[in-house]
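> fold the following and give me the result.
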Amino acid sequence: MTNESFSQFVGQYEKLVFTVCFQMVRDYQEAQNLSQETFLSAFRNIDRCPPEHYKPWLCRIATNKAKDHLKSAYARRVSAPGEEAMDALPAQGSPEEWLLAEEGETRIQERIRALPEPYHKVSILYFFEEKPVEEIAKLLNRPKKTVQTQLYRAKQILREQLGKELDR
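I've put the predicted structure just below:
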């Protein structure tokens, strides 16, 4: 694969790989680092994968990189006194990126608050209060599977709404 075609390959899958990494590590900068490691590994081994399997192959590489990171001693380190102040700083670089990230987060929060029932209460508890599915099921007196299904459908609705906004 040429450098130019690999650049196109990266452009096609970079958001997917970043999303996989971010969903697992929940740290913007680590997700960026893991995305780079994923594409480096992919570049070294791209000849081993047929083109029709690139997407699942990349997702598997990204997942494995994130799992390795989470298992590493670095990820389990004890924070130094005063380090929590650094965690409060935005992970992105420029002020423009901070603003865009804040606007995006605000838009997502507004969409979550506007979800109709039965998705509204479940989504508030899950996304804002970060309660586990089991606890939500107990609080709302619903079966765990029902809560899982409602969360799945709420995420689908949010993806569709946000996707339409991006298309505008």
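
> so where's the chain shaky on pLDDT?
73-105, 164-168 (pLDDT under 70).

> just give me the residue closest to the centre of it.
Nearest to the geometric centre of the chain sits Gln23, at 3.2 Å (CA atoms, centre = their mean).

> could you measure from that one over to Pro118?
Distance of Gln23 to Pro118, computed by CB to CB, to the nearest Å: 24 Å. All C-beta atoms are positioned from the backbone trio N, CA, C, and that covers glycine.

> again with Ser7
Taking CB to CB, one finds Ser7 at 45 Å from Pro118.

> got a list of contacts for stretch 49-64?
The contact list for stretch 49-64 (CB atoms under 8 Å, 6 or more residues apart in numbering) reads 9, 13, 16-17, 20-21, 24, 34-35, 38, 41-42.

> go through these and flag which are in helices.
Secondary structure defined by DSSP state H assigns 9, 13, 16-17, 20-21, 24, 34-35, 38, 41-42 of the contacts of stretch 49-64 to helices.

> could I get the residues you listed as a markdown table with neighbour count?
Below are those laid out as a markdown table (neighbours: other CB atoms under 10 Å):
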| residue | neighbour count |
| --- | --- |
| Phe9 | 18 |
| Tyr13 | 21 |
| Leu16 | 14 |
| Val17 | 25 |
| Val20 | 23 |
| Cys21 | 26 |
| Met24 | 18 |
| Leu34 | 26 |
| Ser35 | 25 |
| Thr38 | 26 |
| Ser41 | 15 |
| Ala42 | 22 |
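
> so which pair among those residues is furthest apart in space?
The most widely separated members of these, counting by CB to CB, are Phe9 and Met24 (21.9 Å).

> which residues in this structure form helices?
Assigned by DSSP H, the helices in the chain fall at 3-25, 28-45, 54-71, 83-87, 95-113, 119-123, 133-140, 144-167.

> most packed of these?
helix 119-123 (a mean of 20; mean count of other CB atoms under 10 Å).

> go ahead and produce PDB holding the CA coordinates of it.
What follows is helix 119-123, C-alpha atoms only, in PDB (Å, rounded to 0.1, in the frame of the first residue of the first chain):
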ATOM      1  CA  TYR A 119     -36.000   6.800  27.300                       C
ATOM      2  CA  HIS A 120     -35.800  10.100  29.200                       C
ATOM      3  CA  LYS A 121     -35.400   8.800  32.800                       C
ATOM      4  CA  VAL A 122     -33.200   5.900  31.800                       C
ATOM      5  CA  SER A 123     -30.900   8.200  29.900                       C
END
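
> that concludes my questions; thank you for your assistance.
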